[in-house]
Every structure is written in structure tokens, then in C-alpha cells.
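[1] Dropping a prediction and its sequence here:
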Amino acid sequence: MQADELTLEIVQPEIRDRLHWFQLDRRDFLKLCGGGLLVCLAGASGSAQESGRGVREHELPQEVSAWIHIDEDDKITIFTGKVEVGQNIRTSLAQLVAEELRVPFNRITMMMGDTDLTPWDMGTFGSRSTPTMGPQLRTMASTARQMLVETAAQRWKADPSTLTATDGCVTNPKNRQSLTYGEITRGEKLTQTVSGDPPLTPASDWKIAGTALPKADGRDFVTGKHQYPSDIMRPNLMFGKVLRAAGFNAALASVDTSAAEKMPAIQIVRDGDFVGVVAEDPSIAEEALSAMQVKWNVPAQISNKELFDYLRNNPDTGGGEPSHTSGSIAQAVAAADVKVEQHYTVQFIAHAPLEPRAAVAEWNGDKLTVWTGTQRPFGVRDELAEAFRIPAAKVRVIMPDMGSGYGGKHSGECAVEAARLAKAARKPVKVVWTREEEFTWAYFRPAGWIEIRSGVLHDGTLVAWEHHNYNSGPSGINTPYNVANQVIQFHPTKSPLRQGSYRGLAATANHFARESHMDELANAIGMDPLEFRLKNLSDPRLRTVLQAAAERFGWGRSKSTPELGFGIAGGTEKGGYVATCVEVEINPATKKMRLRRVVEAWESGAIVNPDGLRNQMMGAVVQAIGGALFEAIQFKDGRILNPYFAEYRVPRFSDTPEIDVVLIDRKDLPSAGAGETGIVGLAPAISNAIFSATGTRLRDMPMAMGRDLKG
Amino acid sequence: MDDFVLNVNGAEHLVTASGNETLLSVLRNQFHLTGTKYGCGEGQCGACTVLINGTATRSCLTRGATVHGAQITTIEGLENKGALSPVQQAFLDEEAFQCGYCTSGMILSATALLREHPQPTDQQIVEYMDGNICRCGTYPRIMAAIKRASHLQEKGRADHAS
């Protein structure tokens, strides 16, 4: 991932717009800050309170002890700020550590995403865990192993180079003396600091990494024992609900809480436009909210109908120069034998993680502890510190492995709400968002308008490529194909809805546009779509996955018919290479379509866990079906019109085709992340398959709302 | 507030709850049986599925007071003396989950399915399970796990008979 793109993902301005800005109670202020500070804090503006921490302020600790602890019973604990959200990183990181430490896999316990216990981490996104945290932990483990060998050598007065470390023991092969790691450390801290680049075991020699080990704590997921953030219980736990505005950008005109106040055993918390209720039971809190007479002023706002006009006509700051230019587009287009100019669109879609946002907050004096589901525990810690004007060191965020996120849980709204209510109630408070709240008050995958203008010669040589993306994002925007004349530009625009990260970011939209357009060009010059791609492609890794997918699929063996269409698409982003072939069945009379078969070929360097990787790829294909065919947020005047699963379909069993995943293991290449890019190939492959069957080109995602083809 | 008796996983509990309180809320917040999940509150996702007298039921749409005296089975009640049920074992063997949040509901729906169709066809699985959402998209593995569970059950019966 490009550095600027990474920055973009962290500081999405829309996500940084807080749902709440608390006045806090006067007594709360005095208690927290002392009277003398009250004036200066109350006078500070909202923006001045922004913590403004950047990545550069956080140096990763070089001491082994910050990352690895070996206790005297040989139990090994690894500390990382990364979090497990279903992508299986708890298991695959443990495999990498076990490999370098030379210990059995089951000796390792991963302590993840606890801001008091683990080193600072930017967050779990951008497919960064495998390529950055992997080497980080391997380096620490390799250093620890060397240190264990040296300590044993000192104790035995032996030459360290003659000792071996295997299976959690250091052994002297000469006299068969042996000590377990725990006997060497005696539970003491590993005092070594990393210097230089300690040797890492090459993937070709891996024995634990690279194997299909089952999920470390898999049994807890089939017995219901695993505690998700929404499952956390505390002594004297209360439940909180927050009054939601009648629309986005609404102002609270009036609220009459007198009827609710008469209800027994509830507490109403009012802080500016924030109104919440604390009760012993969530349904009682809900009843109290319903009993309030509330008036909101909701300004008129645009709907889906005006969306793409809006995006094209409301530029935001930060645009300007194309990210990539070469040659002369105008001349190249003029000289091309065939020119094509088209636009493509994607709608706002929702992450809809099955576990909605959830948090349990507990104050002990001026120290706040919050258990919450987030991909950025340290980011949420800073949000909490900012909201309550307390030092980050007074806030602990603990992230139990959660019911997923897909890029949708970067922000800490729910944690902030639970903490505000807990502060008023002086008891621990749990807030779990309803499905409707999650659909409405979280943020969305950006909608986008993409224009592509291109030129090609009769022999299939691509000569001109101009790609403009409005709003959806720059991820995956550069073409992997060889084109002498290019202009490629992302245009940031104002957004009518709160938007942010989503699995694969804009790579889905940009691949949909590019790979559909490549198909249009191939068709325009009468060349096979795969042949056309390969003719203009020299990246050997992308060529390999395209050929692997085509071979497994049987590409070119049969021709599309009006009832059966075949399509192919491919691409690369974040170090992963993907190619997707699909087969769609279409009823020409009813226009009903069914996705029958998908072959997805994937390569991301050395595979750490082939079973986990296969699961990620299959999941990416299934999740991609929704955005490709039927997911779209409907909105009008600041309201979401389909905030329920009954109205917002996500892929189900009956939408799932036969999926064949082809994994290519490149042990000679570093392991890249694999949670995201597997999602980008499906939509364009479907669009291309539909065209090959029907001759109709669908350029707007989703392509089959209500599962009937458009057009 | 109403008083009623719930029989959950073979044990009887006297409950005092508001008549509107859902079975899901009683199970999670009073009994701390948090294996049953909230996913939507509208009966559309299946994360809250429990068995009521053997029938897969959405506990988010069921008021606790209305199942007074019925036999309720949650994910915590499927193990038998520490041994996983065939469906649990098959989900584990196939690693038919990613984040696992849908897994309890999937396992209970599949348990009811196999009671009705001990050797289900693909079509029967899809139709029966279509009300359960796995947002991570693990459906192909869940299909495989259900078939595996069917074999495990058959094998268990054969072993028991011999």
C-alpha cells in the first residue's frame, strides 16, 4: 500500500467527524481535572482538542520483552496490537513465531489488541498484519532464540554456535545437556534489544508456518464459549441506549423527558444533543427512549437519484494533480484505431458485520476501561481520551476477538457512548447497537463515479488510458497493463453520507471499471478477453494468476450462449494477485440470473496458512457477490431507507455458487496480506460474463438488484 | 413484570422479566448464556437461533414469557459429557467459520435440519439454512460441515446399533 493511501485510510475526514461532542457535567469536570483547569478546558475549541497523533510519534519498541514473554512453565505469550476479526491472524502470526522460536505451536498464546499490554499499533487494516507484523514478530522471535542459546551457553560455558534450539529446548548435542526455554529465562524478562537484522528462517524451510494448522481456539467458537465484545459481563452491569437523530446533520429542537423520568429504575443522561438512558435491561432503556417527545430539525439532503451528479460537481480539497501521467493522451487517442469512452458507478454499501458495534465501559476513579469491537484499539483509546479530556494513559481499550468488521469498525462511537453513560451511572454500562443503528450510524463504503477513455490498435496494442475516479478512492487505480500514454487521477469530492474504509477500499470500484473496460476493448477489436489482457501485460505474477484461473476454469473451451456466459478479470493491489473466472446462467425471457461457478486464483508470496488463506479467498468471493449484484444503501433527506436485512440483502446460501480457489505458493517471495484484494475480481468478471451471454454491458454496481438483470 | 419457568438445556429456571422481554435477552442477560447472539432483532439473520422443543426458532422474535415450560436448547447445551455434538464436531473439523459470530445459530439450525432430513440434499440444505447469514461468506464450508455431520450421525447410529 502506498504511504499516502495508508494515511488516507487512517485519517478519513468523514470518520473523524465525531457523532458526539460532550459538554460533560460540571462536577465531572471538577472531579477529572481539578477546579483550576476548568476554565482553560471549557474555553478550548473542539478542533484544538484533537489529539493529532501521527504514526511517526509511535516508535515500535525494540526490546524483545515488549513482544515476547516466556514464563518458567514454558508458556509463551506474544504481545501485538493487531486484532483478530475472523481473518485468522491470531493463528497465522502464532505459526510464524513458533517457527522462528522453534517451539510447538500450542505453546504460544497471543495477547492481542489490549492497549495496556500490547505495543502501540496503528490498527488492523490495509492487509498490513502479515507483511508488517509478521516480520516484526519473526525478528523478535529470532532474537529471543539467539538470546536463549547464548544464555544457555554461558551457563554451560559452551560455544553458542555448537548448541541447537529445537522444540522449546536448547541442547548441547555433545553431552546431551538440555534446558527448556522456561528453565533458561526462569520467567524473567527477555532483556535483549534487537540490533541489525537477525536471520529469519526462509519459507522453504518452514515446518510450522506454511501448514494448514486449525484455528488456535476453534473449539470455543462451536461451543459458544468465546466471548465477543457484546458478550462481556461485569459486576453490576447496566445497559445503555442512545437517542438517535431523525436524520443526518439534524439538530435537536426539543426533547421532553418528563414521561420517561417517571419510569422506575432508569437514569436519563443529557449532554448537549446527546441523550441516553441507562437501565438494568436494554428493553427498559428502549421503552424510556420511546417515551420521550423529541423534535429534530433535519435539513433537506440529496438521495440516490442525485448522487452521481453530486459527486461530479462537489470537489473537495486535496484533489488536483493526476497521480500518474505518461506520454500524451490526446495524441494517442487520436492515433488509435479504436477509441472507447465509458463511465462506471458504484453505490454506497454497508459492511453489516454480523456483530454490530458493542462496548462495555467501566470507570474506576479517573481510569476508564472499555471492552469494544474495533479494528483500531489504540485509535479508539485516543478518541475516548479526547472525548473525556483525559490523558490516553488513563484509558484502556481491550478488544476481544470480534464478530468481524471488513473495514467498518475503525471508529469508536459506541465505546464513547458507553463511557459517557457509565460515567453518569457510576456503574459499568454496555451499549450494543441495533442492526438499524449499525446500518445508519456507522459509515459506508464510498460511492463513486469512474470515467475511462482509451485507445487501442487493431493488433490489440493498448495505446491510451485515461482513468478518473470521483470519490470512491485511489486504491487500485493504476493500471497493471502496459500503456505508453496514461492519465490516472483520483478526485476527492464531498460526500452526502459518512464514508470510510471497506475491505479492499476503492480497488473494487477501480477494478470493476478497468476490467470491464478492458473487456469492452477486447470485444471492440474482436480479440479473446484473456488473450487481449496477456498481450498488454508483462507483470509475471499477474500473468500467472490469470493463466492459472483460466486453466482451472477451462477458459475458451466452450463459447458463451444467450443462457450461459463466461467472464474473466484480474488485478493486483497490496501485494496480492488475483484472477477470477465466472460462469453465469441467464434466463433470456425473465432476465433472472444465477452465478453458477467461480474460479479464483490467488498469489501473495509465501503462504503462511493455506487453510486460512483458502477461507479468506472464499469469503472474499462471497462478500463480493453482494456489492456486485444487489447491495446498495438507499438514502434520502439524511435517512437510510433500507436499514434492515429484510430490505438490504447480503449474500446468503442461495446466492453462493460453486467456488474453486487456486492458491499459488511463492516461497521465494515475502508474504503479503490476503484479507482484501481477493474481493476485486468478481464484479468485473460477472459484468463480462453477462455481456458475453447477452451483449448488454452493465456498468453500474450493483448489477442485479432484486436479482433481476438491469436493462 | 411476569414470573415464568424456562427449561434451558435441561435445567429449570424461575424467571422474572417484563412480558415484552425477548427470549434472546433473557438467555443472554439473565442466564449469561451468551453463545446465543444478537444479529438483527428482525428474524432475518439467524444468529439468535435456539431449539424450542427441537424446532429451530429465532429467539430475538420470541418473548420469553411465551415459551414457559418448553424445552429450550442453546449452543451451550449441545455437548454431551464434554463431547461435541456431531454438528459441532463437523463445524470444527471443516473450520466452517471465520469470525464465528454466526456459528451458534448455524449449528442449531443445522441440528434441526438433520433431525428433519438426516441425509440432506444440497437443495434441502440451501432452503433450510437460507435464513442464516454468514457475513464472512463461509457458506461452502458450512455446506460441507452439514454433510460431514450427517455422516458422523449415521456412523454414530451404526456404532450404537452394533
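    Looks like it came in fine. Numbers count the residues shown, from 1 in each chain, chains lettered A, B, ... in the order given.
[2] Contacts only, for residue 143.
    By default, I'm working from chain A. Listed by CB atoms under 8 Å, 6 or more residues apart in numbering or on different chains, the contact set of residue A:143 reads A:64, A:192, A:194, A:198. (C-beta placed from N, C-alpha, C; glycine too.)
[3] other chain: chain B
    Contact partners of residue B:143, counting by CB under 8 Å, 6+ apart, are A:653, B:122, B:125, B:126.
[4] Doesn't it lie inside a helix?
    Yes: using DSSP: H, G, I helix; E, B strand; the rest coil, the secondary structure at residue B:143 is a helix.
[5] Which residue comes closest to the closest residue to chain B within chain A once chain neighbours are left out?
    Nearest residue of chain A to chain B, counting by CB to the nearest CB: residue A:224, 1.9 Å away. Excluding the flanking residues, the one nearest residue A:224 by CB to CB, 6 or more residues apart in numbering or on different chains is residue B:35, at 1.9 Å.
[6] tally of neighbours for residue 114?
    In the absence of a named chain, this looks at chain A. By the measure other CB atoms under 10 Å in any protein chain shown, the count of residues near residue A:114 is 18.
[7] if you could check chain B rather than the one you did, that'd help
    By the measure other CB under 10 Å, the count of residues near residue B:114 is 23.
[8] So it sits against residue B:128, correct?
    No: judged on CB atoms under 8 Å, residue B:114 makes no contact with residue B:128 at a distance of 9.5 Å.
[9] Spit out the contact partners of the closest residue to chain A within chain B.
    Chain B approaches chain A most closely through residue B:35 (1.9 Å), counting by CB to the nearest CB. Residues near residue B:35 by CB under 8 Å, 6+ apart: A:223, A:224, A:225, B:74, B:75, B:76, B:104.
[10] and of those, the nearest to residue A:89?
    residue A:225 (20.3 Å; CB to CB).
[11] For the residue nearest to the closest one when sequence neighbours are not counted, give me phi and psi.
    Spatially, and ignoring its direct neighbours in sequence, residue A:225 is nearest to residue B:35 (7.1 Å; CB to CB, 6+ apart). Dihedral pair for residue B:35: phi -70, psi -30, per degrees, to the nearest 10.
[12] Report the central residue of chain B.
    Central residue check for chain B by CA atoms, centre = their mean: the C-alpha nearest the mean position is that of residue B:108, 2.2 Å away.
[13] show me what contacts it?
    Neighbour list for residue B:108: B:49, B:50, B:51, B:56, B:73, B:74, B:75, B:78 [criterion: CB under 8 Å, 6+ apart].
[14] so the fourth one makes contact with residue B:106?
    What that stands for is residue B:56. No: applying CB under 8 Å as the test, residue B:56 and residue B:106 come out as separate, 10.4 Å apart.
[15] In terms of neighbours, single out the busier of the two.
    residue B:106 (29 against 23).
[16] Work out for me the element the more buried one sits within.
    Using DSSP states H and E, residue B:106 sits in helix B:103-116.
[17] Can you give me the buried ones in that helix?
    Neighbour-count burial for helix B:103-116 flags B:103, B:104, B:105, B:106, B:107, B:108, B:109, B:110, B:111, B:112, B:113, B:114 (criterion: 16 or more other CB atoms under 10 Å in any protein chain shown).
[18] next one: stretch A:441-451
    Residues of stretch A:441-451 classed as buried by neighbour count (16+ other CB under 10 Å): A:441, A:442, A:443, A:444, A:445, A:446, A:447, A:448, A:449, A:450, A:451.
[19] again, but for stretch A:266-275
    For stretch A:266-275, by 16+ other CB under 10 Å, it's A:266, A:267, A:268, A:269, A:271, A:273, A:274, A:275.
[20] now the end-to-end length of it.
    From the first residue to the last, stretch A:266-275 extends over 13 Å; the measure is CA to CA, to the nearest Å.
[21] tell me the mean pLDDT over that stretch?
    Mean per-residue pLDDT for stretch A:266-275: 95.
[22] Not counting it itself, show me its contacts.
    The contact list for stretch A:266-275 (CB under 8 Å, 6+ apart) reads A:20-25, A:242-243, A:245, A:251-252, A:255, A:257, A:260-261, A:276-279, A:284-285, A:288, A:292, A:294, A:417, A:420-421, A:424-425.
[23] Please parse chain B into its domains.
    Chain B breaks down into these domains under automatic domain parsing: B:2-77, B:86-161.
[24] what does the model give the residue of chain B closest to chain A for pLDDT?
    pLDDT recorded at residue B:35 is 98.
[25] cool, and residue A:320?
    The model reports residue A:320 with a pLDDT of 66.
[26] Quick check: end-to-end length of stretch B:48-56?
    End-to-end distance of stretch B:48-56 (CA to CA): 10 Å.
[27] All set, thanks.
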